[in-house]
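K.L.:
quick one, fold the following:
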Amino acid sequence: MTKSRKTKLIYCVAIILATAVGALWYWNNREPDEEYGFRVRFDSASERTATVDGIKWHYAVIDGEAHIVKAVRRESKPFSSHVVIPAELDGYPVTGVWGSIFKDNDPVRSLVIPEGVKEIGWCAFNGVRLDSVTIPSTVTNIDINALRCRNVRKYIVSPDNQSYCETNGLVCTKGGKSLVRCIGGDVTIPEGVTNIPSWAFSGSNLKSVVIPRGVVSIGMGAFSECKQLKSISIPSGVNDVGAFAFKGCLSLEHVDFPPGVTNIEDYAFEGCKNLKQVTIPEGVVEICSYAFANCENLESVTIPSSVKSIREHAFSCCSRDLKMTMNLIDAHISIDAFSRSNALSEFRGVNRQGMQLENDGTWTFDGRPIGAVR
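P.N.:
Predicted coordinates:
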């Protein structure tokens, strides 16, 4: 077995062991999940069907309440563009909607959720190209992935709802501090919002977004797969750019980082193929794994002296013409942080002397050559 194959085998074994240990730790240390017990009962409940207005609704009964899991149009006829979910099925009040109720190609564009529904569960309307969704006063819980609908232009929330409200067409928690679900197109997040939660805009046809100064948190995957988004300005006050936050934003060309950001988390900008230039602001301490990986056209990166760690594959598979401007002191750089990007893939250790450009056009790292850079 060659040395390279042994190294790859060691990496694979290490990843498998780390995953297993992580899973075991999570299982032994996880917080009690009240929803877990409900899900077990939900999955074990017998599925029933009831037909209302030509639609066969599949549902389960839990504690005398109906939870819808799927809708099927009878006789192969397409759904109408406007659908109202029934308030009861076979005498059981409908209080929850779960799973992917409609198929991606169903022509439903306007959806009304009736009074009585308390919970919009995981991926309830995932993928459906809805234009509008009406949410009643009784809804108290909306799962973070419940409303991942690409084309929603507006949400209509009952003014009597005590948990959620509608502002600028967006669903916010009551009081407007945190977004719950967002719309596509050109969006202005209202003043007063402090938190953009995980997956809030994920997969939407978002074209532009204005984020107010009060926002301090951008959650995991908040803008992931927004393939029409071209630029983003992160406001001052945000400390961490969450994992997967802008992953797969294929049209993203410009990112404006504010002072105060300290961490750019795993996969934050992975796969942003149109991103050409990145300037990491002074104050960033860590650039995490795969943060800018697969940014195929990334040509220029400036990294300040505040950075103390560049994790594995942070800039892997970027442009072969990638130009790095770095002034690192006592930083740890993973051996494969720049793998398959230019010639910056064969170095490791603590950077005491900093990156230095020699007279012959090569870079050195701690006095050791690491390859030519254009």
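
K.L.:
in this protein, which helix or strand is least confident?
P.N.:
None of the helices or strands of the chain scores lower by mean pLDDT, DSSP states H and E than strand 350-351, at a mean of 40.

K.L.:
centroid-nearest residue for this structure?
P.N.:
Centroid-nearest residue in the chain, with Cα atoms, centre = their mean: Gly221, separated by 1.2 Å.

K.L.:
how close does that residue sit to Tyr164?
P.N.:
For Gly221, the distance to Tyr164 equals 21 Å [Cβ to Cβ, to the nearest Å]. C-betas here are computed from N, CA, C, even on glycine.

K.L.:
what is the burial count for His82?
P.N.:
A count of nearby residues for His82, using other Cβ atoms under 10 Å, gives 12.

K.L.:
for Ser316, that is, sorry about that
P.N.:
22.

K.L.:
which pLDDT does the model give it?
P.N.:
With respect to pLDDT, Ser316 scores 88.

K.L.:
I figured it hits Arg340, correct?
P.N.:
Yes. Shown here, Ser316 and Arg340 form a contact pair, counting by Cβ atoms under 8 Å, at 5.5 Å.

K.L.:
just the helices in this structure please.
P.N.:
Applying DSSP state H to the chain gives helices spanning 3-29, 34-44.

K.L.:
lowest average pLDDT across those?
P.N.:
If the helices of the chain are sorted by mean pLDDT, helix 3-29 sits at the bottom with a mean of 49.

K.L.:
got any ranges where the stretch 151-300 of the chain has weak pLDDT?
P.N.:
In the prediction, the stretch 151-300 of the chain carries residues with pLDDT under 70 at positions 151.

K.L.:
one more time with 90
P.N.:
Applying pLDDT under 90 to the stretch 151-300 of the chain flags residues 151-155, 166-206, 213-214, 217, 219, 236-237, 239-240, 258-260, 299-300.

K.L.:
what do you get for the stretch 1-150 of the chain?
P.N.:
Scanning the stretch 1-150 of the chain for pLDDT under 90 picks out 1-47, 53-56, 62-63, 69-81, 98-110, 121-133, 142-150.

K.L.:
and Ala337, what is it in contact with?
P.N.:
Counting by Cβ atoms under 8 Å, 6 or more residues apart in numbering, Ala337 makes contact with Ile310, Arg311, Glu312, His313, Ala314, Phe315, Ser316, Leu344.

K.L.:
ignore what I typed, I meant Ala146.
P.N.:
Taking Cβ under 8 Å, 6+ apart, we find Ala146 in contact with Ile120, Gly121, Trp122, Cys123, Ala124, Phe125, Arg181.

K.L.:
make it 7 Å
P.N.:
By Cβ atoms under 7 Å, 6 or more residues apart in numbering, the contact list for Ala146 reads Ile120, Gly121, Trp122, Cys123, Ala124, Phe125.

K.L.:
give me the neighbour count for Glu47.
P.N.:
Neighbour count of Glu47, defined by other Cβ under 10 Å: 10.

K.L.:
going forward, count from 286.
P.N.:
Let's use 286 as the start, then, which means that last one is Glu332.

K.L.:
that one against His343, yeah?
P.N.:
Yes. Assessed by Cβ atoms under 7 Å, Glu332 is found in contact with His343 at 5.7 Å.

K.L.:
now for these two: what residues contact both?
P.N.:
With Cβ under 7 Å, 6+ apart as the test, Glu332 and His343 both reach Val354.

K.L.:
coming back round to it: test my guess that the residue nearest to the centre of the chain contacts Trp484.
P.N.:
Yes. Contact criterion Cβ under 7 Å: Gly506 and Trp484 qualify, at 4.6 Å.

K.L.:
what do these two both touch?
P.N.:
Common contact partners of Gly506 and Trp484 (Cβ under 7 Å, 6+ apart): none.

K.L.:
circling back: any chance of the contacts of Ala431 in JSON lines, plus neighbour count?
P.N.:
JSON lines is the format used below for the contacts of Ala431 (neighbours: other Cβ atoms under 10 Å):
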{"residue": "Ile405", "neighbour count": "23"}
{"residue": "Gly406", "neighbour count": "22"}
{"residue": "Trp407", "neighbour count": "15"}
{"residue": "Cys408", "neighbour count": "16"}
{"residue": "Ala409", "neighbour count": "27"}
{"residue": "Phe410", "neighbour count": "23"}
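
K.L.:
those in strands, which ones?
P.N.:
Among the contacts of Ala431, DSSP state E puts Ile405 in strands.

K.L.:
distance of the closest residue to Ala335 other than its chain neighbours from Val346?
P.N.:
Closest residue to Ala335 apart from its sequence neighbours, by Cβ to Cβ, 6 or more residues apart in numbering: Leu374 at 4.2 Å. For Leu374, the distance to Val346 equals 9 Å [Cβ to Cβ].

K.L.:
do Met611 as well
P.N.:
From Met611 to Val346 the distance is 61 Å (Cβ to Cβ).

K.L.:
ok, these two, which is more surrounded?
P.N.:
Set Met611 next to Val346 and count neighbours by other Cβ under 10 Å: Met611 wins out with 21 against 15.

K.L.:
dig out what that one forms beta bridges with.
P.N.:
With DSSP bridges as the criterion, Met611 is bridged to Ile588.
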